[in-house]
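Enquirer: sequence plus predicted model, see below.
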Amino acid sequence: MAENYDLVIVGGGTGGYAAAIRASQSGLKTALVEEQSLGGTCLHKGCIPSKALLRSAEVFRLAKEASHYGVSIGEPELDFTQVQNRKQTIVDRLANGVKGLMKKGKIDVYKGRGTLLGPSIFSPTPGTVSVDLGDGENEMLIGSNVILATGSSPRSLPNTPFNGETVISSEEALQFNALPSSIVIVGGGVIGVEWASMLIDFGVKVTIVEAGSRIIPTADRDISKEMMKQLQKRGVAIYTNATIDESSIAVEDHGVKVSVQTKEEAIPFHVDKLMVSIGRTANVRGIGLENTEIDLESGYIKVNEYGQTKESHIYAIGDCIGGLQLAHVATHEGLIAVAHMTREKVDPINKTMVPSCIYSFPEAAQVGLTEEEAKAQHHSVKVGTFPFAAVGKALVQGEEEGFVKVISDEKTNDVLGVHIIGSHATDLISEAALAKYVDAAHIELGEMIHPHPTMSEAIGEAALLIDKRAIHM
């Protein structure tokens with residue numbers, strides 16, 4: 001049986017379902033194909049469940065520190081079953097919300113695996129989507145346009161696959177029935193740092209092994225340095241310029257043995273879990289790309305600035321095209337693709353205006369260029385760095401660690417980048433993102449009236465500090 005649509009979307013994650021909603025709003029008859037659950041990795045295996053666990057870890061940490069605030073509650077106990085139940089309740093509620101949005105938009109949802117077909121009796125052009133519904137049933141969806149939003153999967157070590165028990169990705173870690181007593185995390189990027197922060201708060205012995213010279217290598221160097229200092233202060237062991245000797249990995253009934261190779265020595269570990277967090281690979285196998293003229297580049301679907309592939313009626317968005325593998329980026333890539341196919345005027349994403357966040361303790365967030373990137377692009381830069389320790393609200397909250405760093409162009413005064421590490425950094429960064437969006441000067445950011453007492457005052461003070469005009473420094 002074949003059904004005709006204006007748009008067929010393969011993948012119901014953040015990018016896919018947002019594109020479906022926008023297409024429906026634009027009057028397109030739309031179908032969405034999802035093999036697993038609406039909401040995709042972000043909702044079920046990434047952003048949302050991990051942040052729910054991080055929140056529980058934060059509350060547990062704060063409970064242990066309650067006496068500092070004059071509150072006596074005794075020794076807090078962790079009920080990890082309830083931690084997981086709360087996480088799942090949040091996920092289920094949001095998943096039901098996505099289902100409701102599909103119903104509201106009159107979007108046809110097909111649960112099954114979608115595969116692109118070549119030219120056939122259904123269509124003279126490639127792109128008909130064959131949906132395997134299971135139990136031998138199949139549906140053919142003929143779309144005037146198609147969006148591929150197939151996402152990505154965790155990358156394993158070259159010679160050591162995930163076993164789901166002792167050698168795991170962050171996705172398996174989300175399903176812990178009980179906390180491990182010890183863990184080695186391979187990779188000190190965003191995901192590795194978030195899990196290290198969470199698990200150390202839960203009382204797990206944590207070690208990070210990072211091949212590069214610093215953790216969170218995409219962050220500004222000052223942010224990386226401060227994050228490393230704060231994690232180590234809380235008990236996380238961190239090895240940089242270090243690698244895992246895969247030949248040393250020995251999986252046992254109740255743990256794993258592994259050797260960490262630093263520049264100086266090989267250090268043996270015997271831990272409950274080995275978590276591998278070294279990036280993600282695009283889900284591009286088994287979706288029928290070979291039946292089209294679509295090109296791959298370094299394992300990702302090659303697209304233009306509007307998401308178009310070599311087949312002009314087939315678009316691709318999100319993790320499967322590489323670039324900034326962030327949920328909010330996938331969402332906007334989906335909106336741009338729909339706008340482009342409906343002939344609306346739309347601007348491509350400017351990556352320097354995309355905020356990125358780390359939900360560890362302390363939190364970190366950034367938008368725009370790092371100081372190193374700005375100098376590499378031949379900007380003459382001015383920098384203002386203001387500590388949260390000089391902000392009243394930070395002292396009130398008991399979270400004075402960290403700072404705001406504003407980078408400005410010396411010639412134009414344009415804000416080039418803003419980098420924050422500290423309490424509520426992931427919320428504060430939106431002000432900086434707006435400043436980038438409207439091409440604000442650091443003077444405007446500094447002269448904006450920030451309410452007192454708030455953490456946001458640090459942004460204004462950092463901007464004023466560039467011209468040595470900060471009030472509290």
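Expert: Perfect, thanks for sending it.

Enquirer: any chance you could map the helices in the stretch 351-473 of the chain?
Expert: With DSSP state H, counting those that start in this stretch as the definition, the stretch 351-473 of the chain shows helices at residue ranges 371-376, 392-397, 425-437, 442-447, 457-465.

Enquirer: what is the third one packed up against?
Expert: Yep, that's helix 425-437 we're talking about. Packed against helix 425-437, as judged by 3 or more Cβ pairs under 8 Å, 6 or more residues apart in numbering; DSSP states H and E, are the following elements: strand 356-358, strand 364-368, strand 415-421, helix 442-447, helix 457-465. C-beta here means a position set from N, CA and C on the backbone, and glycine is covered the same way.

Enquirer: would you list these in a markdown table and tack on distance to H378, mean neighbour count and mean pLDDT?
Expert: What follows is these, written out as a markdown table (distance: least, Cβ to Cβ, whole Å; neighbours: other Cβ atoms under 10 Å; pLDDT from 0 to 100):
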| stretch | distance to H378 | mean neighbour count | mean pLDDT |
| --- | --- | --- | --- |
| strand 356-358 | 24 | 21 | 98 |
| strand 364-368 | 16 | 25 | 98 |
| strand 415-421 | 12 | 28 | 98 |
| helix 442-447 | 19 | 20 | 97 |
| helix 457-465 | 22 | 25 | 98 |
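
Enquirer: quick one, domains of this protein?
Expert: 2-151+283-342, 155-278, 362-466 (the TED database).

Enquirer: so what's Q377 closest to, chain neighbours aside?
Expert: With sequence-adjacent residues excluded and distances taken as Cβ to Cβ, 6 or more residues apart in numbering, Q377 is closest to L369, at 7.0 Å.

Enquirer: show the backbone phi and psi for the one you found.
Expert: Main-chain torsions, L369, degrees, to the nearest 10: phi -90, psi 150.

Enquirer: that one contacts V418, doesn't it?
Expert: No: because the distance of 9.8 Å does not satisfy Cβ atoms under 8 Å, L369 is recorded as not touching V418.

Enquirer: hey, what's in contact with both of the two?
Expert: By Cβ atoms under 8 Å, 6 or more residues apart in numbering, L369 and V418 have these common neighbours: I407.

Enquirer: before we move on, back to that, can you tell which of the helices of the stretch 351-473 of the chain is closest to C47?
Expert: helix 425-437 (11.5 Å; Cβ to Cβ).

Enquirer: avg pLDDT for the closest one?
Expert: The predicted model assigns helix 425-437 a mean pLDDT of 98.

Enquirer: alpha carbons only: can I get it in CSV?
Expert: Extracted as CSV, the C-alpha positions of helix 425-437 are listed here (Å, rounded to 0.1, in the frame of the first residue of the first chain):
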residue,chain,number,x,y,z
ALA,A,425,25.8,29.1,33.5
THR,A,426,23.5,27.2,31.2
ASP,A,427,20.7,29.6,31.9
LEU,A,428,22.8,32.7,31.8
ILE,A,429,24.3,32.0,28.4
SER,A,430,21.0,33.0,26.6
GLU,A,431,21.7,36.6,27.3
ALA,A,432,25.1,36.3,25.6
ALA,A,433,23.5,34.4,22.7
LEU,A,434,21.1,37.3,22.2
ALA,A,435,24.0,39.7,22.3
LYS,A,436,25.7,37.7,19.5
TYR,A,437,22.5,37.5,17.5
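
Enquirer: show me the contact partners of that helix.
Expert: Residues outside helix 425-437 that contact it (Cβ under 8 Å, 6+ apart): 352-355, 357-359, 362-368, 402, 404, 406, 415, 418, 420, 440, 444-445, 455-456, 458-459.

Enquirer: before we move on, what about stretch 80-98?
Expert: Counting by Cβ under 8 Å, 6+ apart, the neighbours of stretch 80-98 from elsewhere in the structure are 12, 17, 37-39, 43-44, 48-49, 52-53, 56, 174, 176-179, 202.

Enquirer: run the last query once more with 7 Å
Expert: The contact list for stretch 80-98, computed with Cβ atoms under 7 Å, 6 or more residues apart in numbering, reads 17, 37-39, 43-44, 48-49, 52-53, 56, 178-179.

Enquirer: give the buried residues for that stretch.
Expert: 83-84, 87, 90-91, 94-95, 98 (16 or more other Cβ atoms under 10 Å).

Enquirer: from these, which land in helices?
Expert: In helices, judged by DSSP state H, the following of those are found: 83-84, 87, 90-91, 94-95, 98.

Enquirer: where are the low-confidence patches of the protein?
Expert: When the per-residue scores of the chain are filtered using pLDDT under 70, no range remains.

Enquirer: please state the offset of stretch 78-92 from the chain centre?
Expert: For stretch 78-92, the gap between its own C-alpha mean and the chain's C-alpha mean amounts to 21 Å (Cα atoms, centre = their mean, to the nearest Å).

Enquirer: please, where are all the helices along the stretch 51-200 of the chain?
Expert: Chain-ordered helices for the stretch 51-200 of the chain, with DSSP H, counting those that start in this stretch as the definition, fall at 80-104, 170-173, 190-201.

Enquirer: lovely, talk soon.
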